[in-house]
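Asks: got a structure for you, letters missing:
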């Protein structure tokens, strides 16, 4: 399979040559940071519609992790345009962090539409270094469709554990690599390098469950599923939560 994958990757790279040229010139990353929020604003509507039941199930027990303050302190890592707000319980105190500052204006709109929440702040930062968030200050950290794009999953999960209080929980929902014997995995392998460039560092072939299984959580509840999505490449998913 290695040779066919190489040949098809080369063909895709040739088709995407203008993007590779813009990236070489240092222009593409700047453009991507601007257009990606607009794309994700549309994609998130579609994703939430198709994954609504799974998200409701995932977040159904958030209240179990309310801390001593009596209000749930929640950190959204890689918040994007913020498509999860409507699934959070009333009174939840939400802090958001994302490496792309262009998401902030979309976040403000989402805040206005979800006034059952208490919004704390938005910070620009990456999962591997969330120095803006104090040790043990969060009851819950949420991460959806983000572990596919962080540079270092292990370091990101270490940071998650740092900001969570003892007994706090990390909730995740991620698209992952398909089973290796499938055609879906074959095409994920073919398209992954160009996908990474086109979508600002998103990977198609990450086996993110492995990083979660080796992280220092005391409990991990993880499920695999084939998501009911239109994009077949993104159908393999994992979701669940881990307790510190």
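Replies: Great, that's in hand. Computed from a predicted model, the values in this text were never measured in an experiment. Numbering: from 1, shown residues only.
Asks: where exactly do the helices run in the protein?
Replies: Using DSSP state H, the helices found in the chain span residues 2-15, 17-24, 28-58, 104-113, 153-163, 183-198, 208-214.
Asks: Just name the most buried of these.
Replies: helix 153-163 (a mean of 20; mean count of other Cβ atoms under 10 Å). To be clear about C-beta, it is placed using only N, CA and C from the backbone, and glycine gets the same treatment.
Asks: I'd assumed residue 159 was in contact with residue 170.
Replies: No - using Cβ atoms under 8 Å, residue 170 is not in contact with residue 159; the gap is 10.6 Å.
Asks: circling back to that earlier point, closest one to residue 133 among the helices of the chain?
Replies: helix 153-163 (4.5 Å; Cβ to Cβ).
Asks: Off-centre distance for the closest one?
Replies: Centre-to-centre, helix 153-163 and its host chain are 14 Å apart (Cα atoms, centre = their mean, to the nearest Å).
Asks: helices or strands up against that helix?
Replies: Judged by 3 or more Cβ pairs under 8 Å, 6 or more residues apart in numbering; DSSP states H and E, helix 153-163 is in contact with strand 73-77, strand 138-144, strand 164-175, helix 208-214.
Asks: Can you say which of these is nearest to residue 83?
Replies: strand 138-144 (7.7 Å).
Asks: Which strands or helices does the closest one pack on?
Replies: For strand 138-144, the packing partners by 3+ Cβ pairs under 8 Å, 6+ apart are strand 73-77, helix 153-163, strand 164-175.
Asks: What lies in contact with the second one?
Replies: Looking back up the chat, that one is helix 153-163. Outside helix 153-163, the residues within contact range by Cβ atoms under 8 Å, 6 or more residues apart in numbering are 75, 77, 127-130, 133-138, 141, 143, 147, 150, 170, 206, 208, 211-212, 214-217, 244.
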